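Colleague: I need the structure of the sequence given here:
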Amino acid sequence: MATAPKSRLGRGLGSLIAAGKPAASAPAAAAATPPAAAPGAPGYQEIAVTAVVPSPYQARREIPPEQLNELAESIRAEGLLQPIVVRKVGEKYELIAGERRWRAFQQLKIKSIPARIVEASNASSAALGLIENLQREGLNPLEEAHGYASLIRDFDLTQETASQRVGKGRASVANALRLLSLDAEIQGFVAKSLLSVGHAKVLLSIEDPAQRTVLARRAIEEGLSVRAMEKVVQMRKSAGVAAAAPGKRLPKMSAQDNATVASVEKKLTSHLGARVAVFHAPKKGRIVIEYHGNEDLQRVLEKLGVQM
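Modeller: Next up, the predicted model:
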């Protein structure tokens with residue numbers, strides 16, 4: 001017996017989220033950007049997908065599978081509108097820009113890909129790749145910071161020179177690099193968008209790393225705004241009390257409890273196919289599930305047994 005088709009959240013999200021379908025995601029934007037020149041124009045040629053290798057200076061730490069799938073489907077339907085950019089290194093072509101496009105071609109099992117071949121030094125290649133990601137592919141704040149740090153460290157550049165290379169103000173680069181002084185747990189919160197760069201700047205005003213972590217976890221658990229965090233920090237400085245004040249402090253978990261929470265996070269992440277953060281306290285807690293786009297939200301909801 002025929003069954004009625006399921007309601008697809010991706011087609012009707014306007015009833016739940018203002019403005020309906022969100023602005024073009026990074027993969028869609030990459031596919032829809034008008035090309036600077038057609039693949040057949042001078043300077044472009046078809047090269048073997050297997051002859052291309054990733055850049056050692058790539059700032060992006062990971063490519064979400066769902067975004068890669070979306071880009072692959074776009075390329076399958078519309079073709080590649082913006083060729084990748086590479087440089088010749090030995091017998092291979094090293095990517096400067098377009099790693100997601102290249103990986104999408106691999107996923108589609110297409111043997112050749114349109115490419116623009118340029119001459120570039122290591123430093124220029126790294127800078128061009130970082131610019132590509134900053135302008136087109138939406139690095140998270142930590143990836144951006146690591147990109148700047150790599151330019152400065154690997155090529156012995158000053159902050160001023162690095163900022164000029166990527167067309168950013170020196171203050172912007174300096175502020176991004178400050179994020180790397182936060183401990184790994186808070187960096188993870190920012191990378192997952194559980195905390196904003198504004199939250200991170202407030203945390204940087206706290207000298208004690210332990211108190212930073214306490215306030216970071218509280219901000220996520222209680223949904224504190226940047227302004228609310230600023231007030232908490234100001235009260236702490238004025239009264240000389242802990243950052244978790246007023247009223248209460250989050251209890252520290254034992255090593256065993258931390259291990260249990262980590263295990264729960266790992267199992268939920270595996271089950272849902274999405275990154276999950278668990279914030280646990282004896283009397284209450286919060287589970288944060290990350291998703292990418294309408295279709296991924298639909299998939300997560302189905303995993304949870306929620307039908308829309």
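Colleague: what's the neighbour count on Arg227?
Modeller: Arg227 has 9 neighbouring residues, counting by other CB atoms under 10 Å. From N, CA and C alone the C-beta is placed, and that goes for glycine too.
Colleague: So what touches stretch 92-107?
Modeller: 27, 30, 47, 49, 51-55, 58, 60, 63, 67-69, 71-72, 75, 80, 82-88, 113, 115, 117-118, 120, 125, 128-129, 132, 136-137 (CB atoms under 8 Å, 6 or more residues apart in numbering).
Colleague: could you redo the last one with a cut-off of 7 Å?
Modeller: 27, 30, 47, 49, 51-55, 58, 63, 68, 71-72, 75, 80, 84-87, 113, 115, 117-118, 120, 125, 128-129, 132, 137 (CB atoms under 7 Å, 6 or more residues apart in numbering).
Colleague: Same question for stretch 115-134.
Modeller: Taking CB under 7 Å, 6+ apart as the rule, stretch 115-134 contacts 43-45, 47, 55, 57-60, 83-88, 93, 96-97, 139, 144, 147, 150-151, 154-155, 165-167.
Colleague: Which of these fall in strands?
Modeller: The strands, defined by DSSP state E, take in Tyr44, Gln45, Ile47, Ile84, Val85, Val86, Arg87, Lys88, Tyr93, Ile96, Ala97 from the contacts of stretch 115-134.
Colleague: For the buried ones among the contacts of stretch 115-134, write the corresponding PyMOL selection.
Modeller: Applying 16 or more other CB atoms under 10 Å to these, the buried members can be selected in PyMOL as follows:
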select buried, resi 44+47+55+57+58+59+60+83+84+85+86+87+93+96+97+139+144+147+150+151+155+165+166
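Colleague: Distance of the closest residue to Pro209 other than its chain neighbours relative to Leu203?
Modeller: In space, and not counting its chain neighbours, Pro209 is closest to Asp183: 5.4 Å by CB to CB, 6 or more residues apart in numbering. Distance of Asp183 to Leu203, computed by CB to CB, to the nearest Å: 10 Å.
Colleague: Compare the two and say which is more crowded by neighbours.
Modeller: Neighbours of Asp183 and Leu203, each counted by other CB under 10 Å, are more numerous for Leu203; the result is 25 against 13.
Colleague: Just the CA trace of the helix or strand containing the more buried one, in PDB.
Modeller: In this assignment (DSSP states H and E), Leu203 forms part of helix 197-204. What follows is helix 197-204, C-alpha atoms only, in PDB (Å, rounded to 0.1, in the frame of the first residue of the first chain):
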ATOM      1  CA  VAL A 197      34.600  35.200  19.300                       C
ATOM      2  CA  GLY A 198      33.000  37.900  21.500                       C
ATOM      3  CA  HIS A 199      32.700  35.400  24.300                       C
ATOM      4  CA  ALA A 200      36.300  34.400  23.800                       C
ATOM      5  CA  LYS A 201      37.500  38.000  24.000                       C
ATOM      6  CA  VAL A 202      35.700  38.300  27.400                       C
ATOM      7  CA  LEU A 203      37.400  35.100  28.600                       C
ATOM      8  CA  LEU A 204      40.800  36.400  27.500                       C
END
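Colleague: and it, what does it pack onto?
Modeller: helix 184-191, helix 209-222, helix 226-239 (3 or more CB pairs under 7 Å, 6 or more residues apart in numbering; DSSP states H and E).
Colleague: That one: which residues count as buried?
Modeller: Buried residues in helix 197-204 (16+ other CB under 10 Å): Val197, His199, Ala200, Val202, Leu203.
Colleague: which residue packs closest to the spatially most central residue of the chain, ignoring adjacent ones?
Modeller: Centroid-nearest residue in the chain, with CA atoms, centre = their mean: Asn140, separated by 3.8 Å. Computed as CB to CB, 6+ apart, the closest residue to Asn140 that is not its neighbour in sequence is Ala191, at 5.1 Å.
Colleague: That concludes my questions; thank you for your assistance.
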